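Engineer: Build the 3D model from these lines:
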Amino acid sequence: MEIKRTALLPNLLTIANGVCGYHALVRLGKISVGPDGNLLHGENFTIAAYLVLLGMIFDVFDGKLARTFGGGSELGAQLDSLCDLVTFGLVPAVMILRMNLEPASGGSALDAGGVGPWQKVVWFLALAYFLGALLRLARFNVENAPDESAHLAFKGLPSPAAAGCVASLVIFQRYILKFDANELQWIERWLSPSLRQTISDQIAPGIKYVLAFLAPVLGFAMVSDRIRFAHMGSTLLGRRQSFDFLVYLIFGVLFLFMVPEIVLPLAFFGYLAWPPMVIASKWIASRLGRAPREESAQGTEESEPERP
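Structural biologist: Numbering: from 1, shown residues only. Below you'll find the model as predicted:
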């Protein structure tokens, strides 16, 4: 089998995506539960989450380069799906599992052969996410078309965006667990001295439960045919943009570098929520528009005199 010269760089970027997923799994494997029930080496969550986001960047550019320079191939398509399954399917599922590690019943720490009752539940919830990513990527391989017009929208939530929701929420959780960043000192100074402690002690630990129940929602969203999501790579890089778009992009990147722990979850969950909100608003508008027409029609019928 020969590989076209134009396909070499896209394939290397795809492999880099897979390497990010592999290294993220290695990092997650270093996390364990201490004798007190707290997670040890929790900084690996942040590293693994950023590796998922780095893999997302490689995933955007490998497909774009392949379509632009005619470097697409069957090998590249299969390689892309395999790497996506690792980085955007397996890593987020394992991340959710590791976030919810707990001491096994009857022991002070998680032993090699047993898991706590809550983690048994989380195992199935994370499995729903992984199966959603698996089925989505298999369907994408069958329905994928090489032309650029086929890459302007996705049927269902793309797996990188689903992984971004998980990774960004993990980054946010690890951020507020410490909550010592200088840019957030004003919370304690201007609002309430106890608010920062409340967030780090009560809200942050609850995020792991949010992630667990979010997993099947994301898994279902990935295989849904009813909701279409924009292809952000093709949307941003594949057409002319207005001056306003340039302004929004500059300020968005500026805020991203200032507080990525806050901007990232807002961006990913905004992307997740926007299409359902558009569908819901159109449905509500159609119902509200239909009701006045029905009332008007009934009023016309009632006012019409009977014919002899």
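Engineer: Would you map the helices across this structure?
Structural biologist: For the chain, the helices defined by DSSP state H occupy 8-29, 43-68, 74-84, 91-99, 117-143, 159-178, 185-186, 195-198, 204-223, 232-237, 243-258, 260-303.
Engineer: Save those helices as TSV, and put in distance to A153 and mean neighbour count too.
Structural biologist: In short, each C-beta sits where N, CA and C put it, glycine included. Shown next, in TSV, are these (distance: least, CB to CB, whole Å; neighbours: other CB atoms under 10 Å):
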stretch	distance to A153	mean neighbour count
helix 8-29	21	20
helix 43-68	14	21
helix 74-84	18	18
helix 91-99	23	25
helix 117-143	12	17
helix 159-178	12	23
helix 185-186	41	10
helix 195-198	41	14
helix 204-223	14	19
helix 232-237	9	16
helix 243-258	18	11
helix 260-303	9	12
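Engineer: need these in JSON lines with mean pLDDT and distance to P35, can you?
Structural biologist: Formatted as JSON lines, the helices of the chain follow (pLDDT from 0 to 100; distance: least, CB to CB, whole Å):
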{"stretch": "helix 8-29", "mean pLDDT": "92", "distance to P35": "20"}
{"stretch": "helix 43-68", "mean pLDDT": "88", "distance to P35": "19"}
{"stretch": "helix 74-84", "mean pLDDT": "86", "distance to P35": "38"}
{"stretch": "helix 91-99", "mean pLDDT": "94", "distance to P35": "18"}
{"stretch": "helix 117-143", "mean pLDDT": "91", "distance to P35": "17"}
{"stretch": "helix 159-178", "mean pLDDT": "91", "distance to P35": "19"}
{"stretch": "helix 185-186", "mean pLDDT": "62", "distance to P35": "33"}
{"stretch": "helix 195-198", "mean pLDDT": "66", "distance to P35": "25"}
{"stretch": "helix 204-223", "mean pLDDT": "92", "distance to P35": "18"}
{"stretch": "helix 232-237", "mean pLDDT": "63", "distance to P35": "45"}
{"stretch": "helix 243-258", "mean pLDDT": "83", "distance to P35": "38"}
{"stretch": "helix 260-303", "mean pLDDT": "78", "distance to P35": "29"}
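Engineer: okay but I262 is in contact with L169, surely?
Structural biologist: No - I262 lies out of contact with L169 (CB atoms under 8 Å); the separation is 11.4 Å.
Engineer: what do the two both touch?
Structural biologist: Both I262 and L169 lack any common contact, where contact means CB atoms under 8 Å, 6 or more residues apart in numbering.
Engineer: Against P92, how distant is the residue nearest to F140 when sequence neighbours are not counted?
Structural biologist: Ranked by CB to CB, 6 or more residues apart in numbering and with sequence neighbours excluded, the top spatial neighbour of F140 is S81, at 6.9 Å. According to CB to CB, to the nearest Å, S81 and P92 sit 16 Å apart.
Engineer: now swap in L8 and tell me
Structural biologist: Applying CB to CB, the value for L8 to P92 is 29 Å.
Engineer: now L264
Structural biologist: Distance, L264 to P92, by CB to CB: 14 Å.
Engineer: now do A128
Structural biologist: In terms of CB to CB, A128 sits 12 Å off from P92.
Engineer: Touching both of those two, which residues are there?
Structural biologist: Joint contacts of A128 and P92 (CB under 8 Å, 6+ apart) are A215.
Engineer: my guess is A93 contacts G132, does it?
Structural biologist: No - applying CB under 8 Å as the test, A93 and G132 come out as separate, 9.6 Å apart.
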